[in-house]
Structures are given as C-alpha cells and as structure tokens.
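J.: fold the stuff below for me.
(one chain, ligands or ions: 2)
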Amino acid sequence: MRRSRAPSQQFPFVPKEDIKKGVKVIRTPSEILALIKTCDSTTINNASAAVQSSSHTIKNCNIPLQLPQNIPKKILKSVEYKTTIKPNINVSEIGDQQDVKENVTQPSNTLGSKKYNVTWGKQTKKKHKTWEGDGYLIVSDKFAALHDLDGHKLGTTSDLKSLNLEDGSIIVVGNKQVQVLDLVTEFDTVAIEKSTVTSCAGPPRKRPKMLVDVSSPEALIMPEPDIDHQSFFNKKEEEITSVVLEPFLAKHLRPHQKTGIIFLYECVSGFKAQEYFGAILADEMGLGKTLQTICLVWMLLKRGPYGGIPLTKRVLIVAPSSLVGNWENEFTRWLGRDKLRLFSVDQKKKPSEFARLPARSYPVMIISYEMLVRYVEEIEKLYFDLMICDEGHRLKNNSTNTYLTLTKIECKRRVLLTGTPIQNELAEFYALIDFVNPGILGTYSMFKREFEDKIVESQQPECHPQIISLGKQKASELNEVTEKFILRRTQDVNNKYLPSKYESIVFCAMAPIQCSLYEETVSYWENRVQEFGLSTISHFSVITMLKKVCNHPELILNNHNNSDTTEKTLNQHLNRTITFKHSLIESSGKLIVVDNLLEELHKNGSEKTVLVSYYTQTLDIFVKLCDMKHYKYLRLDGSTVTAQRTDIVKKFNDSNSNYSILLLSAKAGGVGLNLIGASNLILYDSDWNPASDQQAMARIWRDGQKKNVHIYRLLTSGTIEEKIFQRQISKTGLSEAITNPDNQNNTKLSFDQLKDLFNFKKYALCLTHDLLECNCGGKGEVLSDNSVFECDDKKSEAPLRVNELMKWEHHSSPFNTDVLEAMNLLGVSTTIRFLFRNKTN
Ligand SMILES: Nc1ncnc2c1ncn2[C@@H]1O[C@H](COP(=O)(O)OP(=O)(O)OP(=O)(O)O)[C@@H](O)[C@H]1O
Ligand SMILES: [Mg+2]
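T.: Ligands and ions are numbered 1, 2, ... in the order given. Model prediction:
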C-alpha cells in the first residue's frame, strides 16, 4: 500500500496544481517573506536565497518575487539548513492538505502542532512491551492524534497536560500505548508522493532535507557525492542533501574518529569505487572502532545524499560472543536508551522474531558469530543494508564455516573491524578484502598468479633484481587498489588522552621440578627422533607439553586429559619418571612471581588485576592461588555463557565491587573487551601469533582508564617461551609454519630450526637479550645505538619489534633494588633473571 506523507513533511510552497486539490497556500510574497523571517536566517538576502532554492515551486504558484542573482551554492545550503532547523516553522501557516487517496484520513496539523515518530501497541503493564507498528503522533494545541504510517487515525487524547513527549517516554493515546521516539525535524519538499502528481506539470518534486544545524562547529559534515556518483546513483535526480552527524555525537569524537567516520561513509556509499561498498577499519586496539561504527550506523539510518533518503534501514552487527554485550553498552553510552532500539539475538530472542518487528523501531540486530552460524537459515531470509563484522580478522580463512555462512547473507555494504589485521599472509589478506568487496581482486587463483606469487618470490633471499622490481611493482599495484578501503591508525593518535603505560617483560627462572620435567621432555623428543625418525612424533604436541611445563607442573603431572597420542604417551612417561610433591606456588617460577606481584599490587586494597592465560588448566591453578590467598576473583573463559560475560565484565569494572582479580582466557576474552576497571594486567603465557598477545595486553590501556597502567608479560628464561617471543619480535613470516609444525601445508621447518626450538638453555639469563647482540651487559642502560643488530627493514605494524625492544630499558640479575621496587618485583629478585621495561606517555 502506498504511504501518504505526513503533513509536517510537506513543503510550504505548494505547486499551483495542488491548490486545485483543495490545498490552501500562502499566496503573496509578503506572506512568504514573513514566513521566512520566522526561520533562523539572519538577513533578507539569505531569506530570499532560501526561497530561490525552491524556485520552481514559487514559479508554479506565480508569485512575483525579486531574488538576488547568482547566490553562491554554499550560502544556499546554509540557509536551507538554517531554515529547516527551526522546529516552530509551522506548516499549518501554509494550510492543511488532504491526501487525494480515498478512505484514508491524512493526519492534519493545526496551528502550533508538532509531529513525533512513535511506536505503538496495546496497553500493557508488562516491563517488556510488544510494539505493533510505527506511526506518528501529531500534537496540536488542543489534542494529540496517533496515526499509523498509512495515515489511519488510531486514537486521540485531549489530556495534553499528562503527555510527556520526551524521547523514549511512554504515554497513552486512545486505547493504545505509545512510545515517543523523536520529534520529526524533517522539512519535506514533497507535497504528495510522485505517484499522485504525475499529472502535474513542472520540475520534479524534492525530497526531505535533514534538519541538522550544519552551522554548528560541532556537526560533522560528510563530503558530497561527485558528478559521476550522482549520474550513477541518482538517476531520479533527487535533490542533493547533506549527510551530517549531529553535534550530540560529533562533539565527543577525537580527530582520528572524525576522519574514520568520513572514510567509512565514503566507502559504504560507493564514493570510492562505484560497484564496491565495503571497508576495513583496522585501527589499533582501543581507538574507538565501536564508536566510529555507531556514528556511521546512526547517520545512515537517518539520512543519505539523495533526497535525504536514509541509506540503510536494517543493520546487522556480528561480534564474538563476549562482545555482544559490549556493543549494547556502547550503543547505550553514546545514543542513550531511547534513540535506537537494539535487537540482540540470544537463547530466547531468535532472528525470526526480529523479522517480525517494524524496521523503524528495531533497525539493528546484534548477533554472535556462533549464533549466526546456528541461525543462518532464518537470517538468510532477511535483508540488511549494512553488515558490520567486529574482530573481523577471524575471517582471514575463506574456507571456514563462519566465512561461508557470512557470505550467504545478502548485504552489499560490509564493514570489517579489526585491531590486528593480517600482516604477512597474502592469502589471508585476499580473504578479508574479498569479503568486504567481493570480486575486487578477481578470483583467488587470479590473485595468486597476478600478485601473491610474484610478491612472495621477490622476497626470497638472493633473488634476481628483476624479480625484486616486479614484486615491488605488484605490491604497489595491489596497494593502490586496496588502500582505498583500508584505514589503520596506530595507538599514538590516542596516547595523549590516556594515562601512562608501564610495560615490563619479566624473564623468570624455573622451579627445580619444572627443570626436571623440561629436560625429561626434551630428551624424550631427542631419543624418539634419533631412534625412529622425525615423522614418528608430533613435534607440535611436544612443544605444547613444554609450554605447559613452563606454566605449571600440575598441567602435566596428575593430569590425564591429553588430546593426542604423543601427549598421552609423553604424559605417562613423565608421570612414571618424576614424582611431584605438591606445593602449588613453589612449583613454578612464573607463579612465584604472580603470587608476589598480586601481594604487592593489592596490598592497599584498591587495585585490580587481569590475569591472562591461553590455558584453562592454568586458570584453574590461578583459582587455587586466589582461594589460598583469599582474593575475590571472577573468571571468564570459553565455557562462560554469553549472557554471563557482560555481567562479569560489568561487575569487574565497577569500582565499588570487591572483585579484585579477573582470570581471563586469552582465547575467549582476549579481543575487544574493555577492562578499564583494572590498572594491572599479567600475561602469563604467549601465543605464536603476536596479534593474539597484543590483543590481550590491550584490554586495560584504553579510553576511560584513569590510573597509570602496568602490563607484565612473563617468560621463562632459556625455554620455548623465549623462542616464541623471539619469533614474534623478529620476522613473523614463519609464525604460521610454527603454529603447527606438523602441518604439511605450511612451510616446513628445517631440522636445525626444529632442533633450535627444543634447545633448552637451563642457565640462560635471557636468550632474547643475547639475540639483540646488545653490548650493555644488562646494566639497565637505554641503548641509543642499535646498529649492532640488523633491524627488520620491512615496514612493521606489530607494536613491538626487535629494533624497538632495543630502546627499552634492560636490567639483569643482580638487579638495582630501586628498579625492582618501582616494578613491584622486589620480593622476587632471586626468581627473576632479566627485565625489559618501557614507559609510554
Ligand atoms: N571519543 C571518545 N571519548 C571517550 N571515550 C571513548 C571515545 N572513543 C572511544 N571511547 C571509549 O574507548 C573504549 C575503547 O573503544 P573500543 O572498544 O571501540 O575500541 P576498539 O577500537 O574497538 O578496540 P579493540 O580493537 O580492542 O576492540 C570504549 O570504552 C569506548 O567507549
Ligand atoms: Mg572493538
């Protein structure tokens, strides 16, 4: 059914033809000018300009009016906006208009009337109300009338005194319950929809302009579409309308966020390339990708560049399950509770329910990746104009179920958010780009032939200069296509808004029991390889066992939950060979340090600490420690149900709660969370992928953090943990091969490389420091000359690289006590062997 326009969206200057249909209009120039003067325009010139911008309608009305010639476009626009912001411009001064359609009463305005967007439903006392539809509330001097979108009157009330018309308030009109969404502030130039005016002569009618005060320095104005865009996307020749982010949001934005929103807007509107509407916002962690996205969503739901018609009606946000609540909180933080209603899919609320709700009331659906896969059949039936994928680096593999599921959802505008985009693997880079802009790089085989092979070949050692030059040329061609859609800013842009960050890398000694287990595991591996050959054992499983030994012997001894044969056999072997006398803290060097740190950090009572590990079994050890020491803790890991995750974060961040420790699984909660309640974070173990560690460590140094922040990263000297760390800070291209060295598809490690991983340097202070070839002798000097080390000359985006580590303070045992005291490590001077320390801000 065609929808008739509501009256306050009608433009005052109604064409002559419409007069015939019984429309009353102001006819004299003085009446028009008087009307314009009620607008916000300050001079008569500007007022005239406002009239001129609607010149065709004036001509049709045959109103002689002297207008200044050649008024610059800029002035015209500013006047248009100025005239339209004034809510008390009253349409009724022009006259009522009746819809030509029979049997539908067009809601009419009377003098002083205002119109509100509302949703309505049956009256109920229930807390969670069910709304049946969208509509308008026209409030005049004497009564308020509720209409549905088709103009049917649903009820009236004359009890105006009891009407609270603030956004979000719930009122009763007739027998309906009504929620006020917002005041209609559009100033529509369409008198009647086009279909009803085809018989009218004259130029095409115009569509709504938005009532945003662009003269406010706080408003953020989007660029206008160029001629090419207009001819491609504005075939109906709608009026060009400015797309603006209102001051109430824009005033909070940092400069980089403003740039980010404009970038996103240009991408999703097809300004960058006519047939591609995707974008990757890859700002480093904590730069407010969520806020930038919320601004984009809000703006696109409200407006668009042609005729003011909003670019989107429905938006899909997909996020890891631990972040669904975070998205809700951020929407509420920036938009309040009432401006926009969210539909978050959970165990009770299914996507099919979303489909039944009016789009205008519930324009945004938030869903976790897991739920999306589960409900894909329901979601496929829906249409979204914009899709946001948070922590989108998980889409780097285009054969995963999640990736394939997402591509089934019809949506041309796709935005991917990630703090850690792929750095080295071109196939993964292809997957991300192809997801947001399908087909832009051709098929994968084309891409591989054209770009990947040539670029990879040019990076091989000692290759021919011609190959190097071709590789460079291809890399720059690729960059030219993709840079339009990718925006990445580093943390530096936000540093000035944050307190200081102290980072320490603490190299710990092993407890004797760990040493025995480690040595036994390494010799088991050596014997096995020597006797039966390299392919008879899973190296990856042995490495996992070594990592567990570094964490705590309990992860090996008395633990029989092993996942594969190698682990099982090795575990049995170790349990047979070594007896474990239980002493929780003393059995692990790193745990001794944690225990001491917690004691130091929490002695005055107000501090909070996040304790992160990749192993849930290690979190179990932390639980024992906390119980032993009577710390109140919360735990978030893969087994925590989604609904509880938000609660846990909220409880922990609440400064009044006495939960002082959060035990966090890096896999389940490493990305996206804001844990600003804590000012200390301890990363207990590391991942092969540096991005995972960076993600985990970025949880507390973010906007909203009031205290100085301490981040401790623990490594066990001379062990596999150092090797992992070294891979991270030097060239990381091999990280994939190492993630699973058994994987035949990955670059295979040479025997020497493999042997190096298993090489245990029991007495080493710090192999990483040796790697730097630094001549400080561990005296704690800050070295300015890093020429001794051959720096990685590739442009690095990883926050920490070897050449940067050179600039950190180095300290080795025996330590300067002042240094240890400042780092809260004085009590463990004999357990730690080496330290790196850095301060930002
Ligand atoms: N302009 C701002 N003023 C105040 N706080 C802000 C601003 N922008 C963002 N924030 C806050 O900063 C915190 C971090 O933002 P957000 O979670 O969006 O970061 P992110 O870029 O998504 O990081 P990650 O990659 O870790 O997910 C949030 O609590 C957010 O509300
Ligand atoms: Mg985020």
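
J.: immediately after the helix or strand harbouring Val819, which helix or strand?
T.: For Val819, the enclosing helix or strand under DSSP states H and E is helix 817-822. Using DSSP H and E, the helix or strand that follows helix 817-822 in sequence is strand 832-840.

J.: the spatially closest residue to Ile440 that is not a sequence neighbour: neighbour count?
T.: Once flanking residues are discounted, Ile440 sits nearest to Tyr276: 5.6 Å by Cβ to Cβ, 6 or more residues apart in numbering. C-beta here means a position set from N, CA and C on the backbone, and glycine is covered the same way. When counting by other Cβ atoms under 10 Å, one arrives at 22 neighbours for Tyr276.

J.: report the beta-bridge partners for Tyr276.
T.: Going by DSSP bridges, Tyr276 is paired in beta bridges with Ala273.

J.: what's near enough to touch it?
T.: For Tyr276, the contact set (Cβ atoms under 8 Å, 6 or more residues apart in numbering) comprises 267, 270, 437, 440, 485.

J.: equivalent analysis for His393, please.
T.: 418, 420-422, 432, 691.

J.: mind redoing it with 6 Å?
T.: 418, 420 (Cβ atoms under 6 Å, 6 or more residues apart in numbering).

J.: against ligand 1, how distant is it?
T.: Taking Cβ to the nearest ligand atom, to the nearest Å as the criterion, His393 is separated from ligand 1 by 10 Å.

J.: what helices or strands is the top helix by length along the chain leaning on?
T.: Secondary structure of the chain per DSSP state H: the longest helix is helix 512-532. Helices and strands touching helix 512-532, by 3 or more Cβ pairs under 6 Å, 6 or more residues apart in numbering; DSSP states H and E, are helix 539-551, helix 565-577.

J.: mind doing that once more with 10 Å?
T.: In terms of contacts (3 or more Cβ pairs under 10 Å, 6 or more residues apart in numbering; DSSP states H and E), helix 512-532 is packed against helix 539-551, helix 565-577, helix 589-601, helix 720-729, helix 751-758.

J.: dump those helices into TSV; add mean neighbour count as well.
T.: Output for the helices and strands packed on helix 512-532, formatted as TSV (neighbours: other Cβ atoms under 10 Å):
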stretch	mean neighbour count
helix 539-551	23
helix 565-577	16
helix 589-601	21
helix 720-729	22
helix 751-758	14
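
J.: can you say which of these is nearest to Ile261?
T.: Of all the helices and strands packed on helix 512-532, helix 720-729 sits nearest to Ile261, with 32.8 Å by Cβ to Cβ.

J.: what angle separates that closest one from strand 832-840?
T.: Counting by axes from the mean of the first three to the mean of the last three Cα atoms, to 10 degrees, helix 720-729 lies at 30 degrees to strand 832-840.

J.: now do helix 720-729 against helix 512-532, angle only.
T.: Angle, helix 720-729 to helix 512-532, by the same axes, to 10 degrees: 80 degrees.

J.: helix 720-729 - what's its average pLDDT?
T.: Here helix 720-729 scores 88 as its mean pLDDT.

J.: what is the orientation angle of that helix with helix 539-551?
T.: Using the same axes, to 10 degrees: helix 720-729 against helix 539-551 is 110 degrees.

J.: from the middle of its chain, how far away would stretch 259-274 be?
T.: In terms of Cα atoms, centre = their mean, to the nearest Å, the centre of stretch 259-274 is found 17 Å from the chain centre.

J.: export the longest helix of the chain as PDB, just CAs?
T.: C-alpha atoms of helix 512-532 as PDB (Å, rounded to 0.1, in the frame of the first residue of the first chain):
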ATOM      1  CA  PRO A 512      63.600 -27.300  40.100                       C
ATOM      2  CA  ILE A 513      60.600 -29.600  39.300                       C
ATOM      3  CA  GLN A 514      60.000 -27.700  36.100                       C
ATOM      4  CA  CYS A 515      63.600 -28.100  35.100                       C
ATOM      5  CA  SER A 516      63.400 -31.800  35.600                       C
ATOM      6  CA  LEU A 517      60.200 -32.100  33.600                       C
ATOM      7  CA  TYR A 518      61.500 -29.900  30.800                       C
ATOM      8  CA  GLU A 519      64.800 -31.800  30.500                       C
ATOM      9  CA  GLU A 520      63.000 -35.100  30.500                       C
ATOM     10  CA  THR A 521      60.600 -33.900  27.800                       C
ATOM     11  CA  VAL A 522      63.400 -32.600  25.600                       C
ATOM     12  CA  SER A 523      65.400 -35.800  25.900                       C
ATOM     13  CA  TYR A 524      62.200 -37.900  25.200                       C
ATOM     14  CA  TRP A 525      61.900 -35.900  21.900                       C
ATOM     15  CA  GLU A 526      65.500 -36.300  21.000                       C
ATOM     16  CA  ASN A 527      65.600 -40.000  21.600                       C
ATOM     17  CA  ARG A 528      62.400 -40.600  19.700                       C
ATOM     18  CA  VAL A 529      63.600 -38.600  16.700                       C
ATOM     19  CA  GLN A 530      67.000 -40.300  16.800                       C
ATOM     20  CA  GLU A 531      65.600 -43.800  17.100                       C
ATOM     21  CA  PHE A 532      62.500 -43.600  14.900                       C
END
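
J.: any buried residues in it, and which?
T.: Buried positions in helix 512-532, judged by neighbour count with 16 or more other Cβ atoms under 10 Å: 513-518, 520-522, 524-525, 528-529.

J.: how close does the closest residue to Lys707 other than its chain neighbours get to Leu597?
T.: Here the nearest residue to Lys707 in space, its sequence neighbours aside, is Ser679; by Cβ to Cβ, 6+ apart that works out to 4.0 Å. Applying Cβ to Cβ, to the nearest Å, the value for Ser679 to Leu597 is 13 Å.

J.: which neighbours do the two have in common?
T.: Counting by Cβ atoms under 10 Å, 6 or more residues apart in numbering, the residues touching both Ser679 and Leu597 are 609, 710.

J.: what does the chain put close to ligand 1?
T.: 252-254, 257, 283, 285-291, 330, 333, 419, 672, 674, 698, 702-704 (Cβ under 6 Å from any ligand atom).

J.: which among the residues you listed end up buried?
T.: Neighbour counting with 16+ other Cβ under 10 Å marks 253-254, 257, 283, 285-291, 330, 419, 672, 674, 698, 702 as buried within the residues of the chain next to ligand 1.
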